[in-house]
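*Asks:* sequence below, structure please.
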Amino acid sequence: MSKTAAPSTLHPALRRGAESFVEGWNRIGAQAQFYGATVGLSGTAIARYRGEVVRLIAQMGLGTGALAVIGGTVGIVGFLTLSAGAVVAVQGYNSLAGIGVEALAGFVSAYVNVRLLAPLIAGIGLAATIGAGATAQLGAMRINEEIDALEVMGIRSVPYLASTRVIAGIVVVIPLYCVAVLMSFFATRFGTTAVYGQSVGVYDHYFYTFLNPTDLIWSFVQAVVMAVIVMLVHTYYGYTARGGPAGVGEAVGRAVRTSLISAVLVTLFVSLAIYGQSGNLNFSG
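*Replies:* Okay, here's the model as predicted:
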């Protein structure tokens, strides 16, 4: 009896596992199809929906309502990188002082802020503000059947809703990244020289010695790639939201988790692709 009962209890478990595996791959395929359509229809979005692109750029960069009081996403990312740059000053100076080379605090700023801190904080700020807002907006439109209404009116919903937001996110990330880099540089320099009392000349000497302009360009490219991925993820989850208001909240949570993981992975793989194992340090003054 035991030999004949085991297969009957095992087959449903295997079937459920196989169905779950196939469903997961189908979701990945649906996402890839949506991402391809969104990127491929970007030209249509620029040609036909320029007004919507401009409106989204203003909304994402400066914010609306109470968010506009503090400067929108630009202000939020500025405060985030200001705090992170101060942490770099505290940890970098104290760690280097422990081995007697605190003069190299400028090197830590030029190395960590450019290659890691500024693009990663910009991606996190983009996901937490612009991305989450895009998911909530598209999810609300989906459950209110506004997206279906656009299709009935003859408006292609993917370029009008998704491609325009991806383009706007790329445009907004340009000043966003500049603010992030400048704020991180300022916070680290102020913390090291004003708080810990290091000489400004010593700090600037090592900072400019190890600051490589090429690293700034690659860091900007990394921020742009991160913006594309973050906006694609958030528009997909908002566009495909289901289940009423609770479903929209769940979609926002999933989108934020996925985009944060994607931002970290982009930082990892881009850093490995650009710098490899050598580190590519600039020792020329």
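*Asks:* how about stretch 256-275 as CSV, C-alpha atoms only?
*Replies:* Included here for stretch 256-275 are C-alpha records, laid out as CSV according to Å, rounded to 0.1, in the frame of the first residue of the first chain:
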residue,chain,number,x,y,z
VAL,A,256,10.7,49.2,-5.6
ARG,A,257,12.2,45.9,-4.4
THR,A,258,13.1,44.8,-8.0
SER,A,259,14.5,48.2,-9.0
LEU,A,260,16.7,48.5,-5.9
ILE,A,261,18.1,45.0,-6.6
SER,A,262,18.6,46.0,-10.2
ALA,A,263,20.4,49.2,-9.2
VAL,A,264,22.9,47.3,-7.0
LEU,A,265,23.4,44.7,-9.8
VAL,A,266,24.0,47.5,-12.4
THR,A,267,26.6,49.0,-10.0
LEU,A,268,28.3,45.6,-9.6
PHE,A,269,28.4,44.6,-13.3
VAL,A,270,29.3,48.0,-14.7
SER,A,271,32.1,48.4,-12.1
LEU,A,272,33.5,45.0,-13.1
ALA,A,273,33.2,45.7,-16.8
ILE,A,274,34.9,49.1,-16.6
TYR,A,275,37.5,48.7,-13.8
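*Asks:* so what touches it?
*Replies:* Residues from elsewhere that reach stretch 256-275, judged by CB atoms under 8 Å, 6 or more residues apart in numbering: 115-116, 119-120, 123-124, 127-128, 131-132, 135, 218, 221-222, 225-226, 229-230, 233-234, 237, 280. In short, each C-beta sits where N, CA and C put it, glycine included.
*Asks:* hmm, try it at 10 Å
*Replies:* Outside stretch 256-275, the residues that touch it by CB atoms under 10 Å, 6 or more residues apart in numbering are 31, 115-116, 119-124, 126-128, 131-132, 135, 214-215, 218-219, 221-223, 225-234, 236-237, 280-281.
*Asks:* list the buried ones in stretch 85-97?
*Replies:* 85-86, 88-89, 92-93, 96 (16 or more other CB atoms under 10 Å).
*Asks:* just those: which are in helices?
*Replies:* Taking DSSP state H as the definition of helices, the buried residues of stretch 85-97 contribute 85-86, 88-89, 92-93, 96.
*Asks:* so which of these comes closest to residue 60?
*Replies:* residue 85 (23.5 Å; CB to CB).
*Asks:* and stretch 234-253, end to end?
*Replies:* End-to-end distance for stretch 234-253: 10 Å, by CA to CA, to the nearest Å.
*Asks:* ditto for stretch 194-203
*Replies:* Here stretch 194-203 reaches across 11 Å from its first residue to its last, counting by CA to CA.
*Asks:* and that stretch, what's buried?
*Replies:* Neighbour counts over stretch 194-203 (16+ other CB under 10 Å) mark 198, 202-203 as buried.
*Asks:* need the residues you listed in TSV (columns: pLDDT, secondary structure and distance to residue 252).
*Replies:* Listed next are the buried residues of stretch 194-203 as TSV, based on pLDDT from 0 to 100; DSSP: H, G, I helix; E, B strand; the rest coil; distance: CB to CB, whole Å:
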residue	pLDDT	secondary structure	distance to residue 252
198	87	coil	44
202	89	helix	47
203	90	helix	42
